[in-house]
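Chemist: Okay, sequence plus prediction incoming.
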Amino acid sequence: MKIVIADDSSVTRKIIIKMLRASGINNEILKADNGKTAMELVEANCKDIGLVLSDCNMPLMSGIEFIGAMAKNPQTANIPILIISSDGAVENIKQAYIVNSNVMGYLIKPVTPSQLKEKIGALLD
């Protein structure tokens with residue numbers, strides 16, 4: 001099972017990967033620096049994707065637009081999603097859950113390894 005990390009910050013992607021590895025999660029990781037690329041990755045690998053970690057604020061296609069597009073595509077509609085974003089605005093959090101019913105959590109950056117492990121462990125079990 002592959003994990004997609006969609007975040008426009010390469011530093012954030014590296015930190016998340018480091019936290020996943022430290023938690024014993026050694027799944028193949030696909031990286032995207034915007035929502036459009038993330039959607040292309042998810043569509044191309046939909047049968048192998050077990051989890052998407054997405055930021056909200058990204059260029060070309062925001063995280064909310066990306067997860068909304070996932071919900072509309074029957075091949076990607078059931079993939080679990082965890083939002084990891086610096087945007088903690090209540091409206092944006094609500095919007096994430098509205099546009100895709102497979103949003104399983106919303107973590108606000110900076111995320112600790114224990115927060116990530118707790119959320120992802122529940123999704124991967």
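Modeler: Thanks, I have it.
Chemist: Which parts of the chain are helices?
Modeler: In the chain, the segments counted as helices under DSSP state H are 10-22, 35-44, 63-72, 90-99, 113-124.
Chemist: Looking at those helices, which one is packed in the most?
Modeler: helix 63-72 (a mean of 22; mean count of other Cβ atoms under 10 Å). Glycine gets a C-beta too; all of them are placed from N, C-alpha and C.
Chemist: and Thr76, how many residues sit next to it?
Modeler: Neighbour count for Thr76, taken as other Cβ atoms under 10 Å: 21.
Chemist: In a markdown table: the helices of the chain, plus mean pLDDT and distance to Ile81.
Modeler: Converted to a markdown table, these look like this (pLDDT from 0 to 100; distance: least, Cβ to Cβ, whole Å):
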| stretch | mean pLDDT | distance to Ile81 |
| --- | --- | --- |
| helix 10-22 | 95 | 14 |
| helix 35-44 | 98 | 10 |
| helix 63-72 | 98 | 5 |
| helix 90-99 | 93 | 8 |
| helix 113-124 | 83 | 9 |
